[in-house]
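Q: need coordinates for the below:
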Amino acid sequence: MEYFVDKDSIVRQIWGKADSILFIFAGAAAEFALNKAVDWLYFTGRLPEDPLGRLFSTVAYARTIVFAEKEAAHRAIDQITAIHMAVEEKRGAKIPDWAYRDVLFMLIDYSIRSFELLERKLSAAEKEEVFRVFERVGSRMQLPGLPKSFDEWEIMRKEHIEHDLAAGDYTRDLYRRYKLHLGILRYKLLLEVQKLLVPNKVKFLLNFRRNSTLGPLLKLYKWSRKIKLDWIFKALLLPSNYMSEINALDQV
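A: This next block holds a predicted model:
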């Protein structure tokens, strides 16, 4: 059986651990709030009504593709394309190509950043593999203007961060909704994870003026995984009604 991502791929290691995915989730929550095309997510009403569920479903969709058999992954990608086309038809406008690329670029970046924070530095070949997986997703979606290599992606990623992100009313509203849905303690923890994870431009736009207090605790967390106490951190980051979904994320 042929899989969309090889069984020994570093991408499966990254997306096979719940804590890596939760960090990817945290980074995505920051950038979704800043993206200049976030009004598209507000158009459907799904993001403001359930920001955690909407972001979690985006990350979960990507994870499903990573572990799917090739044809099943293609069907999932095609379904994503069809869903977005339906939204475009309803609104009478087209989602910008750069907005699609931003989401792919974000998944590449936070896959790497999360793994390197929690595990170890990735080699150049491993980073290229992460890029290739999501480039194949974009190609299946027939997105124009995709980079051809990891090095080219790095250049485009910096350009996208510089030109496609801005703090505004949607940013403030979305963070207000994060706080409402998470509660004050989980919300503060989300902010600290984001400070560890996001690029400097994102930190600046979100007015993160100090370093994360979680930095010194990372070693303790890594040790907790060895004695199976890492579930405490996962329970702290998201509400209890997500715990079954979180536990199901662990594959490796």
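
Q: contacting residues around Asn207?
A: Shown in contact with Asn207 (CB atoms under 8 Å, 6 or more residues apart in numbering): Ala167. For every residue, glycine as well, the C-beta is placed using N, CA and C.

Q: so it, which of the three states?
A: Put simply, Asn207 is coil when judged by DSSP: H, G, I helix; E, B strand; the rest coil.

Q: now do the phi/psi pair for it.
A: Taking degrees, to the nearest 10, you get phi 60, psi 40 for the backbone angles of Asn207.

Q: same thing with Pro147?
A: Per-residue torsions, Pro147: phi -70, psi 160 (degrees, to the nearest 10).

Q: where does pLDDT dip in this structure?
A: Along the chain, the parts satisfying pLDDT under 70 run over 45-47, 55, 222-252.

Q: what about 90?
A: Applying pLDDT under 90 to the chain flags the ranges 1, 16-25, 28, 32, 38-64, 87, 181-183, 185-186, 189, 209-252.

Q: next up, the contacts around the residue lying closest to Ile161 once chain neighbours are set aside.
A: The shortest distance from Ile161 to any non-neighbouring residue, by CB to CB, 6 or more residues apart in numbering, is to Lys201 (4.9 Å). Applying CB under 8 Å, 6+ apart, we find Lys201 in contact with Ile161, Glu162, Leu165.

Q: the stretch of helix or strand Lys201 belongs to: which residues count as buried?
A: Per DSSP states H and E, Lys201 falls inside helix 200-205. By 16 or more other CB atoms under 10 Å, the buried positions in helix 200-205 come out as Val202, Lys203, Leu205.

Q: now swap in stretch 206-218 and tell me
A: Buried residues in stretch 206-218, counted by 16+ other CB under 10 Å: Leu206, Phe208, Ser212, Leu214.

Q: the second one touches Gln194, doesn't it?
A: So that's Phe208. Yes. Counting by CB atoms under 8 Å, Phe208 touches Gln194, with 7.3 Å between them.

Q: overlap in contacts of the two?
A: Common contacts of Phe208 and Gln194 (CB under 8 Å, 6+ apart): none found.

Q: hang on, the earlier thing: CSV for the buried residues of stretch 206-218, including distance to Lys148?
A: As requested, those are exported to CSV (distance: CB to CB, whole Å):
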residue, distance to Lys148
Leu206, 31
Phe208, 33
Ser212, 34
Leu214, 36
